[in-house]
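> Coordinates for the following, if possible.
(4 chains)
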Number of protein chains: 2
Amino acid sequence: MLTAKQHELLLFINQRLDESGISPSFEEMKAALDLKSKSGVHRLIGALEERGFIRRLANRARALEVMKMPEGGNVGGKNVARFAPVKESKPQIQIPVAANDVMEIPLHGKIAAGVPIEALEGQNSLSVPMALLGAGEHYALEVSGDSMIEAGILDGDYALIRKANTARDGEIVVALVRGEEATLKYLRREGQQIRLDPANGSYEPQYYAQHEVEVQGKLAGLLRRYH
Amino acid sequence: MLTAKQHELLLFINQRLDESGISPSFEEMKAALDLKSKSGVHRLIGALEERGFIRRLANRARALEVMKMPEGGNVGGKNVARFAPVKESKPQIQIPVAANDVMEIPLHGKIAAGVPIEALEGQNSLSVPMALLGAGEHYALEVSGDSMIEAGILDGDYALIRKANTARDGEIVVALVRGEEATLKYLRREGQQIRLDPANGSYEPQYYAQHEVEVQGKLAGLLRRYH
DNA sequence: CCGCTTTTGTTCTCTAATCGTTCCATTCAT
DNA sequence: ATGAATGGAACGATTAGAGAACAAAAGCGG
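All right, here's what the predicted structure looks like:
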C-alpha cells in the first residue's frame, strides 16, 4: 500500500501529532526524511492523502491530520483504551443520507395560539424520519406555552401530529375547540362531555360538549432542539 | 493539525473552561498568549473554529466551547487523562447541506446504564432531521430512567448529543463519572467541584472533583415517539 | 423598563516571517 | 536513453504581531 518513504513520513507525522499535537511543517518533514527539498515532501503528502491516510486543509499551514495507520500503528498513541476495551475507528464523517426513509411533513405553525390550525398553513416543512411516524398523514406544530409541561412537552418543541378524527381516552390530541382555538391536551370522555386535560398543575381541566370539540389529530412524536 | 500558537490557545481555553466553566475573553487570551493585540487572538480563534476544535456563538461574549482536543494535548488540564478512557474520534468534516435534510447518526445505546459510552458502540443508527442538529459530530442515546423528567426528558426518549469536551454551567451534558458511569445531567460548577443535577426532586445532586467527571457531549436535541 | 457606561468582540491596515506550491533541471537506476 | 525520484529556487499564500477605530453585548442605576 505504501512506499518506504511514504510509510516513514506517515509515521513521523503521526508521532509528532501524538507528542505535541502540532503538525510538522514541510520544512520539518523535509529534515526528518533527510531530504533536501520540500518538493519531495509535497509529493509524498499528496500520495498519502490520495490513499486516505491523512487529510489536510488546502493551503493551510500545519494542517495535517492522520486518518489511519497502515497496520500495527496505534493511531491514538499511548493512553488509548485504559478502561474501555478499544475503539479503533478514526474517521467517521457524518453525511446526510438519501431521503429514503424520510418524510417531509408540513409545519402548520404554533399550537395554542388561539387560532384554528387551518388558518395559518405555513410554507415551512420539516423532514422527519419515518421511524418516528407510523402510517397516515402527518403534520407538525410548534408548541407554545407550558400547559403540557408535565407530559414532557415544552414550549418550543415540535409536536408531530397524525391526522385523525377520533382518539382513545388518555391520548394527547390536537383539539379544536368551538372552531376557534386549537390546543394540545389529554383527551378524556366523561359521560356526554369531553374533558381536555392539561399536564400542568397550574391549569384546570376543561369540559366541553361533544360538538364543541373537534379532534384534528393525535400526538405521534416530538422533536426538540436545544439552543 | 495545529500550529504552535493555535495549540497553545486551545490548551488555554480548555483549561479555563474546565476549571471555571467560563470561557476567557479575548483580552484574557491575549494576555495568556503574551500578545499585545486582540486581533491575533481573533485569527487564532477563527483557525481553531475552522478546524472543528472549538465552536462559538458569533458576537457573543465568552461563548467558546471546546469540541475536541488534539492528540498530545492533556485533555482535562490536570490529570484527567488518567481517568479518561479513550478519547476523541478525530476528523469531522462539515458538509454544507440544506437545512431540510436528514442525517444518520450512531445510536450508542442507553444512557444511565452505568457503562461508559464508548464501550458499547452499537451498530444501530438513527435518522435525524438536520434541522435539529447544528454543526459538529453527534450521536444518539436512548434515555433510561426518570432522573431528567422535570426537564421534559422522559424514559425511552432519544437524546441527541453533540460531542464536546466542555459545557457551560446549566447545560445538560453526558457526563462520564470516574470512567464508569455515563449519565445525562445538568452540569454546574461550585468552586472546585462539579455538581451534577438531576431534574427530578426525588434525586439528589451529586458532587465530584473536577477530575472525576468527563464531559462527553451536550444535549442538542430530543426525539420521542408516541404510539 | 429605559438609557448610559463598560466590557468584549470585530475589522482593517501594515509589516515581517513562515509555509506551501510549482516548475524545471538533475540524478539514479534499469 | 527513459521513467521515476530528487534537488533547487522563485512565487504566492498563510500565519503572526501590532495598533486603532468601531460595533455589539452585558451591566448598572434610576
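> Within the sheet, what are the partner strands of the longest strand seen in chain A, with directions?
For chain A, the strand that runs over the most residues, judged by DSSP state E, is strand A:213-225. With DSSP bridges as the test, strand A:213-225 is paired with strand A:158-163 (antiparallel), strand A:172-177 (antiparallel), strand B:213-225 (antiparallel).
> Using CSV, write out every CA atom in stretch A:18-35.
Output of stretch A:18-35 as CSV, limited to C-alpha atoms (Å, rounded to 0.1, in the frame of the first residue of the first chain):
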residue,chain,number,x,y,z
ASP,A,18,0.9,12.5,19.1
GLU,A,19,3.6,14.1,21.1
SER,A,20,2.8,17.7,20.6
GLY,A,21,-0.5,18.0,18.9
ILE,A,22,1.2,20.3,16.4
SER,A,23,1.6,19.1,12.9
PRO,A,24,5.0,19.4,11.3
SER,A,25,5.7,21.9,8.6
PHE,A,26,7.1,20.8,5.2
GLU,A,27,10.4,22.1,6.3
GLU,A,28,10.5,19.9,9.3
MET,A,29,9.3,16.9,7.4
LYS,A,30,12.0,17.5,4.9
ALA,A,31,14.6,17.4,7.6
ALA,A,32,13.1,14.3,9.2
LEU,A,33,13.2,12.4,6.0
ASP,A,34,16.6,13.6,5.2
LEU,A,35,15.5,15.2,2.0
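> So the longest helix anywhere in chain A, near DNA strand C or not?
For chain A, the helix that runs over the most residues, judged by DSSP state H, is helix A:4-20. No. Using C-beta under 7 Å from any atom of the strand, helix A:4-20 never reaches DNA strand C; the gap is at least 10.9 Å. (Each C-beta comes from the backbone N, C-alpha and C, glycine too.)
> any idea how far the next helix-or-strand element following that helix is from the chain center?
Next along the chain after helix A:4-20, taking DSSP states H and E as the criterion, comes helix A:26-32. Distance of helix A:26-32 from the chain centroid (C-alpha atoms, centre = their mean, to the nearest Å) equals 41 Å.
> do stretch A:34-52 as well
38 Å.
> Is DNA strand C within reach of it?
Yes. In terms of C-beta under 7 Å from any atom of the strand, part of stretch A:34-52 sits within range of DNA strand C, namely A:37-39, A:42, A:45.
> Out of these, list just those in helices.
Among the residues of stretch A:34-52 next to DNA strand C, DSSP H puts A:38-39, A:42, A:45 in helices.
> Just give me the closest of these to chain B.
The nearest member of these to chain B, counting by C-beta to the nearest C-beta, is A:Ile45 at 13.8 Å.
> Switch the strands paired with strand A:213-225 over to CSV; also include mean neighbour count.
Converted to CSV, those look like this (neighbours: other C-beta atoms under 10 Å in any protein chain shown):
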stretch, mean neighbour count
strand A:158-163, 22
strand A:172-177, 22
strand B:213-225, 24
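> With distance to DNA strand C and mean pLDDT added, can I get those strands in JSON lines?
Output for the strands paired with strand A:213-225, formatted as JSON lines (distance: least, C-beta to the nearest atom of the strand, whole Å; pLDDT from 0 to 100):
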{"stretch": "strand A:158-163", "distance to DNA strand C": "28", "mean pLDDT": "88"}
{"stretch": "strand A:172-177", "distance to DNA strand C": "30", "mean pLDDT": "90"}
{"stretch": "strand B:213-225", "distance to DNA strand C": "19", "mean pLDDT": "90"}
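> Downstream of the helix or strand A:Tyr186 falls within, the next helix or strand is which one?
Assigned by DSSP H and E, A:Tyr186 belongs to strand A:181-190. Downstream of strand A:181-190, the first helix or strand assigned by DSSP H and E is strand A:193-197.
> any idea of the angle that next one forms with strand A:181-190?
120 degrees (axes from the mean of the first three to the mean of the last three C-alpha atoms, to 10 degrees).
> next SSE after strand A:193-197?
Downstream of strand A:193-197 (by DSSP H and E), the next one is strand A:206-209.
> Show residues contacting that following strand.
Strand A:206-209 is contacted by residues A:177-178, A:185, A:190, A:192-196 when judged by C-beta atoms under 8 Å, 6 or more residues apart in numbering or on different chains.
> List the buried residues in that strand.
A:Gln206 (16 or more other C-beta atoms under 10 Å in any protein chain shown).
> Dump the C-alpha coordinates for that strand into PDB.
Extracted C-alpha coordinates of strand A:206-209, given in PDB (Å, rounded to 0.1, in the frame of the first residue of the first chain):
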ATOM      1  CA  GLN A 206     -61.800  22.000  30.700                       C
ATOM      2  CA  TYR A 207     -65.100  20.400  30.000                       C
ATOM      3  CA  TYR A 208     -67.000  20.800  26.700                       C
ATOM      4  CA  ALA A 209     -69.900  19.300  25.000                       C
END
